[in-house]
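Q: Quick one, fold the following:
(4 chains)
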Number of protein chains: 2
Amino acid sequence: MARRTRECAEETRDEILNAAERLFYDHGVTRTSLEEIARAAGVTRGAVYWHFRNKIDLFEAMQERAERPHGEFMRRLAACETDAPLPALRDACCQAMRLLAADERRRRVYAIVTSRCEHVAEMAGAAARKRQIKDQVISRFTHVFEHARHIGVISPAWPPKVAAQCLFSLILGLVTDWIERPEDYDLSRRGPACIGVFFRALGAEKPRHGLPFAARRTRVPPIGMTKDGR
Amino acid sequence: MARRTRECAEETRDEILNAAERLFYDHGVTRTSLEEIARAAGVTRGAVYWHFRNKIDLFEAMQERAERPHGEFMRRLAACETDAPLPALRDACCQAMRLLAADERRRRVYAIVTSRCEHVAEMAGAAARKRQIKDQVISRFTHVFEHARHIGVISPAWPPKVAAQCLFSLILGLVTDWIERPEDYDLSRRGPACIGVFFRALGAEKPRHGLPFAARRTRVPPIGMTKDGR
DNA sequence: ATGTACATACATTCGTGTTTGTATGTAAAG
DNA sequence: CTTTACATACAAACACGAATGTATGTACAT
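A: Numbering: from 1, shown residues only, chains lettered A, B, ... in the order given. Take a look at the predicted model:
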């Protein structure tokens, strides 16, 4: 074990993170001990405690390493306020989902953060980061939809905030659904399919009179909210 | 502690489940010991081990107790294939979200299952139940949308399966987003608002020619999928 | 009198944090 | 260009608490 130079130390650190990723993903965070992580990385707990203060520190380092490509998405969102904002926004969202589906590491870490660990007080850091990202994304979405409304390329039926919340929730739901069983679900296909139709609907207007579609046989019920609709 | 009759035993069991709910929600599943649960319920671990085989058994009992009202939603979905399927489906979904938001117990248990426990091998039972419910819901959704397409009350732009996946993911995303910080998010308002506009869009058709909305100033970009849309 | 519904006590395992030991790298001094 | 001195990068051992499962005790109900 003659690896004491700086680069070798970095390599050790990376392999510890790799091992933690695999074990966290397979057995959950609390059920994997630092001993197991060390063994899987070919070192001992001494090395782990050298590079990280404790398990939470290791966990956050793992998360941080995987979240770096996220900035790209934000930058692309910021560039959406062109004269064709909706296709740009749609393509940015689809691209983000495809990137997530293609990046094994991000997929695993996202699965760990969402479903292989417990969101409790210790994880306050991770929760805060997550919330911050969400607020940024929704804010960006809202700006884009406001811009779209301003230049008249979105149906007035969609208030910008509602559209932003819907788009965010739709993506969140797609990813949440997919992340649980990625093996029987191709996010890079189904995601864009749903997003595509959704954006088509954003640009569509309500039918003027009661008979919009060919096969119509019955009377059109009112589409607005009923008593249930608050 | 003279409570040895059968009803009292049931009461003890319920209070153990109540205590488990609170503690699981506040501190996560793995970080709360059976000792703590017993103390919070005013008993000892002896009582806990009398009523439940172990922590997982207790966990599943807690989940089962909270999930009972779910059957109501399925029954309501089954009754949606009328001549106004979309409003019926929309109202069923909105109602389900309102019920969830109003039921403190279901809310807490849902939060526990999604974010206060680790989805690992031991939880296979919970995962299987969840998946089964999801498959049922999507299947029902699909049937309703097929029926809607058949009687011509939904835009042909929405294939039934895509519509079902979208609706499911939208709801899942809304609930997932809400459950993390229910205090700054009123699901019973924001949920139906999004669902309402979404269903309006389901019934809307694509604009015929390039200038659908009043404030139009720029050229309309094509709304279909681009190269990215796969 | 027997089973129910618990309480109490015990044994054991497991993971963590810390401490100590040690070989190697590395930079300054001679 | 050595040698010295110290920091680095771990390994190994220890101490401790915490949680679990089980075994046993016991009061009450029927």
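
Q: Chain A against DNA strand C: which residues are in contact?
A: A:2, A:4-6, A:31, A:33-36, A:45-46, A:49, A:54-55 (C-beta under 7 Å from any atom of the strand). Using the backbone N, CA and C atoms, a C-beta is placed for each residue, glycine as well.

Q: Just put the residues you listed in CSV and tack on neighbour count and distance to B:Asp184.
A: Shown next, in CSV, are the residues of chain A next to DNA strand C (neighbours: other C-beta atoms under 10 Å in any protein chain shown; distance: C-beta to C-beta, whole Å):
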residue, neighbour count, distance to B:Asp184
A:Ala2, 5, 55
A:Arg4, 8, 50
A:Thr5, 9, 50
A:Arg6, 7, 46
A:Arg31, 16, 32
A:Ser33, 13, 37
A:Leu34, 17, 36
A:Glu35, 11, 40
A:Glu36, 15, 38
A:Arg45, 14, 41
A:Gly46, 8, 44
A:Tyr49, 14, 38
A:Asn54, 11, 31
A:Lys55, 18, 30
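
Q: Now chain A against DNA strand D: closest residue?
A: Closest to DNA strand D within chain A is A:Gly46: 2.0 Å, counting by C-beta to the nearest atom of the strand.

Q: Quick check: chain neighbours aside, which residue is closest to that residue?
A: A:Ala38 (7.9 Å; C-beta to C-beta, 6 or more residues apart in numbering or on different chains).

Q: Near A:Glu67, how many other residues are there?
A: For A:Glu67, the neighbour count with other C-beta atoms under 10 Å in any protein chain shown is 17.

Q: For the closest residue in space to A:Glu180 that isn't next to it in sequence, what are phi and psi?
A: Distances taken as C-beta to C-beta, 6+ apart place A:Ser115 nearest to A:Glu180, at 6.8 Å, with adjacent residues excluded. When read as degrees, to the nearest 10, the backbone of A:Ser115 gives phi -140, psi 0.

Q: Now do the contacts for A:Ser115.
A: A:179-180, B:114, B:118-119 (C-beta atoms under 8 Å, 6 or more residues apart in numbering or on different chains).

Q: Would you mark the buried spots in the helix or strand containing A:Ala101?
A: Assigned by DSSP states H and E, A:Ala101 belongs to helix A:85-102. For helix A:85-102, the neighbour count (16 or more other C-beta atoms under 10 Å in any protein chain shown) marks A:85-98, A:100-101 as buried.

Q: Can you flag which of the contacts of A:Ser115 belong to helices?
A: A:179-180, B:114 (DSSP state H).

Q: Now render the residues of chain A next to DNA strand C as JSON lines, adding distance to B:Asn18.
A: Below are the residues of chain A next to DNA strand C laid out as JSON lines (distance: C-beta to C-beta, whole Å):
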{"residue": "A:Ala2", "distance to B:Asn18": "58"}
{"residue": "A:Arg4", "distance to B:Asn18": "56"}
{"residue": "A:Thr5", "distance to B:Asn18": "57"}
{"residue": "A:Arg6", "distance to B:Asn18": "55"}
{"residue": "A:Arg31", "distance to B:Asn18": "26"}
{"residue": "A:Ser33", "distance to B:Asn18": "32"}
{"residue": "A:Leu34", "distance to B:Asn18": "35"}
{"residue": "A:Glu35", "distance to B:Asn18": "36"}
{"residue": "A:Glu36", "distance to B:Asn18": "35"}
{"residue": "A:Arg45", "distance to B:Asn18": "39"}
{"residue": "A:Gly46", "distance to B:Asn18": "44"}
{"residue": "A:Tyr49", "distance to B:Asn18": "40"}
{"residue": "A:Asn54", "distance to B:Asn18": "33"}
{"residue": "A:Lys55", "distance to B:Asn18": "31"}
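
Q: could I get the residues you listed as TSV with pLDDT?
A: Listed next are the residues of chain A next to DNA strand C as TSV, based on pLDDT from 0 to 100:
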residue	pLDDT
A:Ala2	40
A:Arg4	63
A:Thr5	73
A:Arg6	73
A:Arg31	95
A:Ser33	94
A:Leu34	96
A:Glu35	94
A:Glu36	94
A:Arg45	94
A:Gly46	94
A:Tyr49	95
A:Asn54	95
A:Lys55	96
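
Q: List just the nearest of these to chain B.
A: Of all the residues of chain A next to DNA strand C, chain B sits closest to A:Arg31, with 6.3 Å by C-beta to the nearest C-beta.

Q: if I look at the closest one, how far off is A:Gly46?
A: 22 Å (C-beta to C-beta, to the nearest Å).
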